[in-house]
Every structure is written in structure tokens, then in C-alpha cells.
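In: give me coordinates for this.
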Amino acid sequence: MPVSIYRLSVPVFVRGLKVLSTLLEEAEAHAAANGIALEVLVNARLAPDMLPLSGQIQRVSDTAKNALGRLSGKGAPSFPDTETTMAELKARLEKTIAYLQSVPEAELKGSETREVKLNVGKLGVTFSGEDYLLEFALPNFFFHVTTAYDILRHNGVEIGKTDYLGPYG
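Out: Residues are numbered from 1 along each chain as shown. Predicted coordinates for the structure are as follows:
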């Protein structure tokens with residue numbers, strides 16, 4: 001039996017968002033224990049031309065919800081990128097999870113062949129739904145999850161690979 005687009009997307013995105021929320025809790029604890037203002041972490045970045053932690057969280061959210069919106073053909077909710085606090089970032093992750101969990105599996109039936117058109121850089125690209133999910137949405141999602149992890153780790157938050165992978169079972 002083939003694996004459904006739903007199974008390849010919703011549980012994967014939700015797991016990644018929950019792991020990221022836990023990493024933000026670790027960051028809060030680290031900041032409190034070390035007298036670091038939370039806005040320092042929220043605005044931290046790895047390089048001057050990269051998005052800060054807040055931007056990474058926003059892109060993770062956008063990637064997950066827009067993927068389901070495109071695959072279902074119904075669009076996704078729009079969240080303005082106005083988060084400036086750790087609490088607001090965690091709330092955005094929760095809103096994203098709630099949206100993902102509200103999408104019925106039936107809405108993604110047949111989406112593997114749905115045409116998805118994107119502007120990637122200056123190029124217009126057309127994917128099948130399956131290729132869009134596997135070749136664009138999931139890699140983009142995990143790029144931003146990993147970058148958020150790296151920002152926190154770079155700023156002294158004591159997290160490791162098992163924190164990134166999250167709990168099983």
C-alpha cells in the first residue's frame with residue numbers, strides 16, 4: 001500500500017513543530033539560568049544575511065501550513081510575521097499545529113498529482129503535489145527547523161541531536 005500524502009506531511013510537520021516548541025522552551029530555561037534577555041535569542045542569527053530565530057520560526061510555520069494549503073487546493077491561513085517575543089513564537093507554532101491537525105485526510109486525497117506552481121527565486125516552477133512535498137516543502141521545512149536549532153545551539157542553549165529528533169513512542 002502506498003504511503004499517503006497526508007501521512008508524509010501532517011504527522012511530519014506536526015512532529016517538527018512540536019520539537020521546535022520544545023527547543024524554544026529549552027532556550028527560555030537557558031536564558032533564565034544565564035541572565036540572557038529572551039529578545040537576544042529571538043533576534044539571534046548565524047550570519048548577517050540570514051534570518052534571525054524569529055524569521056526561522058515564521059518560515060517553518062509558513063512552509064508547513066502553505067504546503068497543506070497548496071496540496072489541498074483550499075489555501076492556508078495567513079499569519080503576519082509580527083512575532084517579537086518567545087511567547088509569540090511559541091503561540092505561532094501552536095496555531096500552525098492546530099491548523100495542520102484541522103485538515104482532514106480526505107482533503108489531501110489525490111493531491112499527489114495536483115499541480116503546484118511556485119515562484120522559486122526568479123523562476124516559475126511547476127511540481128506535481130508529490131514532487132512539491134518531497135522535493136521542496138519538506139526540505140525547506142527542515143532547513144528552517146535545523147537553522148533554528150543551530151541558532152539556539154550557537155547561542156549556548158544546551159541541546160543536542162536527541163533534542164532535535166524529539167521523543168519517540
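
In: low-scoring stretches of this protein, by residue?
Out: The chain contains residues with pLDDT under 70 at 1.

In: ok, now which ones touch the residue nearest the centre of it?
Out: The centroid of the chain falls nearest to residue 60 when counting by CA atoms, centre = their mean (2.3 Å). By CB atoms under 8 Å, 6 or more residues apart in numbering, the contact set of residue 60 is 16-17, 20, 93, 96, 141, 144-145, 148. Placement of C-beta: from N, CA and C, glycine included.

In: number of residues surrounding the residue nearest to residue 66 when sequence neighbours are not counted?
Out: With CB to CB, 6 or more residues apart in numbering as the criterion, residue 66 has its nearest non-adjacent residue at 5.1 Å, and that residue is residue 76. Burial of residue 76 is recorded as 20 neighbouring residues (other CB atoms under 10 Å).

In: just the helices in the protein please.
Out: Counting by DSSP state H, one finds helices in the chain at the ranges 5-34, 38-42, 53-72, 86-102, 129-131, 138-154, 161-165.

In: of the contacts of residue 60, which pair is most distant in space?
Out: Spatial extent of the contacts of residue 60 (CB to CB) is set by the pair 96 and 148 at 13.5 Å.

In: picking that back up, confirm for me that the residue nearest to residue 66 is in contact with residue 65.
Out: Yes: using CB atoms under 8 Å, residue 76 is in contact with residue 65, at 4.2 Å.

In: shared neighbours, these two?
Out: The contact sets of residue 76 and residue 65 overlap at residue 99 (CB under 8 Å, 6+ apart).

In: residues contacting the residue nearest to residue 66?
Out: Applying CB under 8 Å, 6+ apart to residue 76 gives the contacts 65-66, 68-70, 99.

In: now for the residues you listed: which two are most distant?
Out: The span of these, defined through CB to CB, is set by 70 and 99 at 13.5 Å.

In: between these two, who's got more neighbours?
Out: Neighbours per residue (other CB under 10 Å) separate residue 70 from residue 99, with residue 70 holding more: 23 against 18.

In: what about the nearest residue to that one once chain neighbours are set aside, how many neighbours?
Out: Spatial nearest neighbour of residue 70, excluding adjacent residues (CB to CB, 6+ apart): residue 116 at 5.0 Å. Residue 116: 20 surrounding residues under other CB under 10 Å.
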